[in-house]
Structures are given as C-alpha cells and as structure tokens.
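Undergrad: Turn this into a structure:
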Amino acid sequence: VQLQASGGGLVQAGGSLTLSCATSGRTYSNYGVGWFRQSPGKEREFVAAITYDGRRTYYADSVKGRFTIPRDNAKNTLYLQMNSLKPEDTALYYCVRGWTSPYDYWGQGTQVTVSS
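TA: Have a look, this model is predicted:
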C-alpha cells in the first residue's frame, strides 16, 4: 500500500487549498483514512479522519469549521479541503490509513505554507 499526497503550496492567510492523497491497492474502500500535520519544532498532530464509507468524520478543534475531508472511493483518493487558512496551519501534511490509532500506512508529506 502506498499513499501519495499532493497539492501543497504557498497561500496567503484567508485563502484556500485542497490536498489530495492517492492510494494504491484494491482495499482502499475498506479502511478509514486521515490527515496529520507537523510544523518545525512541534510534534505531529492529528488533523482529520473519515471512515471507510465516508459516513463519519472527525476533526481537530483547531481546524473544525474550516477544513473538510471528503473521499472518493472510486478514485482511491482522499482530500483535505482547507479554507480560511491561518499562518499556524503552516506544516507538512501527511495522509494516513486508519480511522483511529494505530495508523498502519503513512504517505510522504506535502508542504503547506500560509503567509500572513
């Protein structure tokens, strides 16, 4: 199983960005998936997760109301739609397989930088 995150970039505060995570393998729709992020000097933190069928989602308080985490099981792809971005959202964003810990597969990160 491989997870490939993309879509990061530089955006101004208040702007929007959508990350994608393409997953290999035929069992993608059997698993919950999610996003984590890590800023320099900080521990990796949970951002959001979605169940295998997309019926339940869970967000960190810091992104609730600003981020959404849709998935497209037909395309084996997870998204993170980020609105009203803040400088403190600057981080390396990782997609993971799993609804809760343990997360058994991690993708490489994609950098998001929010300028003030």
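Undergrad: pLDDT at the spatially most central residue of the chain, what is it?
TA: Nearest to the geometric centre of the chain sits residue 35, at 3.1 Å (Cα atoms, centre = their mean). pLDDT for residue 35: 98.
Undergrad: Just list whatever residues bridge to it.
TA: Legend: beta-bridge partners of residue 35 under DSSP bridges are residue 48, residue 95.
Undergrad: isn't it right up against residue 92?
TA: No - if you go by Cβ atoms under 8 Å, residue 35 and residue 92 don't touch, sitting 11.0 Å apart. Yep, even glycine has a C-beta here, placed from its N, CA and C like the rest.
Undergrad: Who are the contact partners of the residue nearest to the centre of the chain?
TA: 19, 21, 47, 48, 49, 69, 78, 80, 93, 94, 95, 96 (Cβ atoms under 8 Å, 6 or more residues apart in numbering).
Undergrad: what's the answer for residue 82, then?
TA: By Cβ under 8 Å, 6+ apart, the contact set of residue 82 is 16, 17, 18, 19, 63, 66, 67, 89, 112.
Undergrad: ok, it to residue 53 distance?
TA: 23 Å (Cβ to Cβ, to the nearest Å).
Undergrad: ditto for residue 24
TA: Using Cβ to Cβ, residue 24 is found at 20 Å from residue 53.
Undergrad: and the closest residue to residue 89 other than its chain neighbours, what are its bridge partners?
TA: Nearest residue to residue 89 in three dimensions, chain neighbours excluded: residue 114, at 5.2 Å (Cβ to Cβ, 6 or more residues apart in numbering). Beta-bridge pairing for residue 114 (DSSP bridges): residue 11.
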